[in-house]
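# everything below, folded, please.
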Amino acid sequence: MSSLQSPTSYRSPGTPQHRRSVLVPTNSVTTKDGITVRARIDPSLTVQDVIKQLCSNLKIQDPHVLFALRDDAEELVTDENLRKMIKQKANLRLVSAPKLEAVEIVDKLSLRDEKTLRLTLFSLQKLIREQEFARTFLSREGLSELIEVISLSHGNTLAYALTAMQNLMELDYGWSNLEDSFISTVVNILSSPQSLINVCRPATAILKKLVEADPRSAPGPIMASSSTRPPAAPPGIVYRYGFDCVYEQMSRQPGLLEIVVNRLGSADSVMGLNSMMLINSLLSHATDGRWEDLTSELERLNVRKAVVRLMSSNTIEDVTSSILDFQAIIVRVTFRRKTTIVDPEQDAIQDATLRFIWSSSKLPELFERGEIHRWRRLGFESEDIRKAFAGVGVLGLDCLKNLVLSDPDYFSKACDDALTTHVVLEQVSRPVERRCPVARASNEVVELLAEHWAIFAPGYSTSTTFQPCFLNFAKVHTLATKFFLRMWNESGAAAGDFPRVVALVRSQVKVALRNESTRPWHEVEFDFTDSEYREVRDRQMKELEMEDDLLSKVPVRNLRAKLYKESYEFVRQQRIQCLMQGAWFVNGSPVSVAVTRDTPRRPNRPWRFMRLDKGAKYIHYVDSAVKFPVRVGLEDLPERIEIAQIAEVGIGTCALPPNILRDSDLPPTSAPTPSPLSFSLYSNSTREGSLGDQVATDLSRWADWTDGLNMLRRDGGHVATQETAGFVHALTEIGLKIKLLNLSGEKVEIPTSLVAGPPPPTADFFFADPGYLWQ
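Numbering: from 1, shown residues only. Below is the predicted model:
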């Protein structure tokens, strides 16, 4: 039950002492008329029953369904947080019900009164996140009114309207009928130089949300289909927009992508973060038809350079997760380019690139035995370009082009020196066997760098630290290729020494790129440009004493790549299984919340058990005052969080509440500090409205859940812990050694490369006729 006492009657001196001690008020409640009463609220009641009794005791004639309770921070009192409000003795206000507020706000939006519009939109920003309010707002065509306001407003009014729209789009319903004109309006706002920062922030977030609302990303089981088109979205579902829909409108504003890239360095950290997340979403959801356009344009705008600058900025704590996501995406982009076949007959851009490379070499074509010798003069083994770039694809072609662009005179000189050996004139007569194959060396360096950064397959990135050198892949390739040519010349190498020089370069790559997250660029550059041959050779000889040369052979490197993918997938499944088993966590306190006199010393329910369901769609959980044995299944877990709502898994974001893991009941002596074993589940880029703030009880559980949740994200996420990255590496190395032990036990000789055998002398056999395959 809920009972009321006015301040005067509660303190009346004529009231017997024993009666005063019976009714202890829990909260103060202020009515619309400004009357404040002290109320004792029974936590076992529903919020509607509490409001009904309040209206009855206060003699309010209006139906109780027209009212709701809010605290001083405007948070709506619900059945879920009622106990917390009572425990914290929150000051409550009896206000209009969300349904009534929604009706009033829609009416005010339709009036377009400048005097009240801004205040109305300011309230709408917060209220639109409440389910009851949102449903009424949408049912009364509030979305149409809001879109109309966005198209007509400017300044702070526009900022409030866009923020309200952004918050509405955090819901998984209600915005499935947005037209292209709305997307065009948001694009125009974002591209306008007159737009304020507080306008651009929500506009960027809205575009990101529209990109991610891809039919291919819709939650639910993925059905097999022979169609290349994205699946049709069911009626009412918001997953009906996607990359093509947004990029089509962005393409009509040619400078928009450049504006987004430039805003990565914005002094406003939220603006930079939103821009970073929009770029990540575009790259993650780009369709095949537009993928090349997008990646080429971003490369032209030097987006990697902008992200590298962002790595060393003062707002690094806010964007760390997004930068690691960007690195993981670039790994996928790099792998795709590495596996894209070079075919100049089918691709005009590739043909133009090859023509540019050849003309930059300034070498004449030679005719021998009726054949043209062009690409062999650059160092390829044949004139077949498809075969020459078979292992490195378009990535190798781009790197060779960048090598030329970095210093055209050096390249032509290197090619000429490759034919006439060193620059020294007296060595002009050196035989062909001692020429350095420049193009082949370039491709080999691409392979070495791909091996160093584990570019083995899309979606398999385990880096937990920043890799600025990886984002400067082309520059590192140029440095390493020049190092290759220098080692070739200084060592007096011949054609048969190519593997030996490759081993030298591999050793130097490991040394130059060590600790790249903390080493300045000039030190990396120095290691490639100023290291002496004898020093590099001595170090490499010591390394050879400790490891087998077998590991550097191409078949073994390919085997390592295959095992790496298998190990990553194994660890991923293990992490997901840990999530399905469930675990107990402490409900953390966000560090941004100050500890005050009103903050409870012990939370009412400090423990939370979480478990992933079998379909990997929801995390089910229960909050409890104490840990208890949780049954198998979901019967004991009434609450749930949708995996699709998790936009980011932040780490080191919350602190242990006071006195949870110790017996002392003394107040904290200092401000709370983030626990290294904490993580938060955020539903948007601004890190507002966390879905959960948890603190793990040990490192293994923290690694299981942070990386497991990242691996479940539809955009792939990234590995955040060294423990998971270490597991993948260890499993790869163990698997590789076991495979090699099997081979060495059988005394099998592993060749450096595989050579296709000669074709059959005749076609007189069954499988020679393709027609048999269809019979």
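
# from now on I want contacts and neighbour counts done on CA atoms only, so please keep to that.
OK.

# tell me the mean pLDDT over stretch 490-510?
For stretch 490-510, the mean per-residue pLDDT is 88.

# in it, what's buried?
By neighbour count on 16 or more other Cα atoms under 10 Å, the buried set for stretch 490-510 is Ala493, Ala494, Phe498, Val501, Val502, Ala503, Leu504, Val505, Arg506, Ser507, Gln508, Val509.

# how far does stretch 108-117 sit from its chain's centre?
39 Å (Cα atoms, centre = their mean, to the nearest Å).

# whoops, I mixed them up, stretch 610-629
25 Å.

# swap in stretch 50-68?
48 Å.

# ends of that stretch, how far apart?
Start and end residues of stretch 50-68 are separated by 10 Å (Cα to Cα, to the nearest Å).

# one more: stretch 525-542?
Start-to-end span of stretch 525-542 (Cα to Cα) is 23 Å.

# can we start the residue count at 224 from this point?
Okay, residue one is now 224; in that scheme the one you just asked about reads as stretch 748-765.

# can you list contacts of it?
Here stretch 748-765 makes contact (Cα atoms under 8 Å, 6 or more residues apart in numbering) with Leu702, Ala703, Phe706, Met710, Glu713, Ser714, Ala726, Leu727, Ser730, Gln731, Val734, Ala735.

# middle-most residue in the protein, spatially?
Among the residues of the chain, the one closest to the centroid is Asp548, at 3.2 Å (Cα atoms, centre = their mean).

# buried sites along the helix or strand that one falls within?
Using DSSP states H and E, Asp548 sits within helix 539-561. The neighbour-count check on helix 539-561 (16+ other Cα under 10 Å) flags 541-561 as buried.

# where do the strands sit along the stretch 624-773 of the chain?
Shown for the stretch 624-773 of the chain, no strands are assigned by DSSP state E, counting those that start in this stretch.

# residue ranges in it under the pLDDT threshold?
Applying pLDDT under 70 to the stretch 624-773 of the chain picks out residues 633-655, 680-685, 767-773.

# can you map out the helices along it?
Ranges of helices in the stretch 624-773 of the chain, per DSSP state H, counting those that start in this stretch, are 631-642, 661-675, 691-694, 696-714, 721-735, 744-752, 756-769.

# ok, residues contacting stretch 284-302?
By Cα under 8 Å, 6+ apart, stretch 284-302 touches 269-271, 274-275, 278, 308, 313-323.

# can you report how many residues lie near Asn485?
Residues lying near Asn485 (other Cα atoms under 10 Å) number 16.

# and what about it, helix, strand or coil?
Of the three states, Asn485 takes helix under DSSP: H, G, I helix; E, B strand; the rest coil.

# now swap in Arg783 and tell me
helix.

# and for Ser333?
Relying on three-state DSSP, one would call Ser333 helix.

# any idea how far it is from Gln389?
Per Cα to Cα, Ser333 is found 20 Å from Gln389.

# who has more neighbours out of these two?
Gln389 (23 against 15).

# name the surrounding residues that touch stretch 488-504.
Applying Cα under 8 Å, 6+ apart, the contact partners of stretch 488-504 are 420, 423-424, 427-428, 430-431, 434-435, 483-484, 486-487, 529, 532-533, 538, 541-542, 545-546, 548-549, 552, 908-909, 938.

# do the same with stretch 378-385
Around stretch 378-385, the neighbours that count as contacts under Cα under 8 Å, 6+ apart are 340-341, 344-345, 348, 369, 372-373, 418-419, 421-423, 425-426.

# ok, so of the contacts of stretch 748-765, who is nearest Leu782?
Taking Cα to Cα as the measure, Leu782 lies nearest Ala726 of those, at 18.2 Å.

# distance check, the closest one against Val759.
As judged by Cα to Cα, Ala726 and Val759 stand 10 Å apart.

# picking up where we left off before, buried subset of the contacts of stretch 488-504?
Using 16+ other Cα under 10 Å, the buried ones in the contacts of stretch 488-504 are 420, 423-424, 427-428, 430-431, 434-435, 483-484, 486-487, 529, 533, 538, 541-542, 545-546, 548-549, 552, 908-909, 938.

# and the closest residue to Gly616 other than its chain neighbours, what pLDDT?
Nearest residue to Gly616, sequence neighbours excluded (Cα to Cα, 6 or more residues apart in numbering): Lys561, at 4.6 Å. pLDDT recorded at Lys561 is 93.

# repeat that for Phe808.
Taking Phe808 on its own, its pLDDT is 92.

# mind checking the SS state of it?
Under the three-state scheme (three-state DSSP), Phe808 adopts strand.

# against Leu963, how distant is it?
Taking Cα to Cα, one finds Phe808 at 43 Å from Leu963.

# of these two, which one has the most company?
Phe808 (22 against 18).

# residue ranges with poor pLDDT in the stretch 424-573 of the chain?
442-459, 537-541.

# go with 50
For the stretch 424-573 of the chain, residues meeting the criterion pLDDT under 50 lie at 445-450.

# please report the distance of the residue nearest to Gly616 from Leu736.
21 Å.

# so which of the helices of the stretch 624-773 of the chain comes closest to Gly915?
Between the helices of the stretch 624-773 of the chain, helix 691-694 lies closest to Gly915; by Cα to Cα that is 31.7 Å.

# done for today, thanks.
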